[in-house]
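Engineer: just to be clear, the model below is a prediction. Sequence and coordinates:
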Amino acid sequence: MQRAVATVVFLGLVVLVGCGSSRASDSAVRETVERGVAQLRESQTDQQLHDDLVRTLRKLRGERASTATGRNGWALAIRGFVWTLRGIDARLEMNRNDSGNLEATVQDAKRADRDLRRGAALLRAAGRSFDIPIGRLNGF
C-alpha cells in the first residue's frame, strides 16, 4: 500500500515539474509574438535573424495560451515563424551555394519570396488574434 502511495506521489510530482516548464497564458504568448515581430523589423544579417527566430520558436513552443482565441493565435504564430524561418533559410542558401549559378539563384529567390510572404500573412493573422497591429514585415 505504501509503495502505491509513493508511486502516485512521485508521478504527481513528475507531472507538476513538467507543467512548470510551460506558461499557460495568452499574455505570455502575446509577448513572445511581439518580440519575434520586433526581431523581424530590426536591421540585422540573415544569419542573426535565423538564430533569433530559432530562439523565438523554441520559446513559443514551450508556451501555451489559456483561451481558444489565444491557442489559435499561438498556432498561427508558430506557423508564421516557421514559414519566415524557411524564407530566411532560402536566402542563406542562395548566398551560400548559388554564386555563379543564375538558375539556382532564381529558384532560391522565388522560394524565399514565397515563404516570407506566407510567413508574414500568418503572423498578421496571429497578430489579429492578440490585437497586435502587424503591418508589413521586411517588405511583405
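Structural biologist: Nice, I can see it.
Engineer: this structure: strands as residue ranges?
Structural biologist: Counting by DSSP state E, the chain forms no strands at all.
Engineer: residue 118 touches residue 85, doesn't it?
Structural biologist: No - if you go by C-beta atoms under 8 Å, residue 118 and residue 85 don't touch, sitting 11.5 Å apart. For the C-beta atoms, the positions are set from N, CA and C on the backbone; glycine is no exception.
Engineer: which neighbours do those two share?
Structural biologist: With C-beta atoms under 8 Å, 6 or more residues apart in numbering applied, the contact sets of residue 118 and residue 85 do not overlap.
Engineer: now find how far off-centre the longest helix along the chain is within its chain.
Structural biologist: Longest among the helix segments of the chain by residue count, using DSSP state H, is helix 68-97. The chain centre lies 6 Å from the centre of helix 68-97; the measure is C-alpha atoms, centre = their mean, to the nearest Å.
Engineer: and that helix, what's its mean pLDDT?
Structural biologist: Helix 68-97 shows a mean pLDDT of 93.
Engineer: elements contacting it?
Structural biologist: The contact analysis (3 or more C-beta pairs under 8 Å, 6 or more residues apart in numbering; DSSP states H and E) places helix 68-97 against helix 26-41, helix 46-61, helix 102-129.
Engineer: which one of the ones you listed lies closest to residue 79?
Structural biologist: Shortest distance between residue 79 and these, using C-beta to C-beta, is found for helix 102-129: 4.9 Å.
Engineer: now the closest residue to residue 94 other than its chain neighbours: how far from residue 102?
Structural biologist: Leaving aside its chain neighbours, residue 94 sits nearest to residue 108 (3.7 Å; criterion: C-beta to C-beta, 6 or more residues apart in numbering). Distance, residue 108 to residue 102, by C-beta to C-beta, to the nearest Å: 11 Å.
Engineer: quick check on the two: which one has the bigger neighbour count.
Structural biologist: Just comparing residue 108 and residue 102: by other C-beta atoms under 10 Å the higher neighbour count belongs to residue 108, 21 against 8.
Engineer: please report how far that one lies from residue 68.
Structural biologist: In terms of C-beta to C-beta, residue 108 sits 38 Å off from residue 68.
Engineer: try residue 96
Structural biologist: 42 Å.
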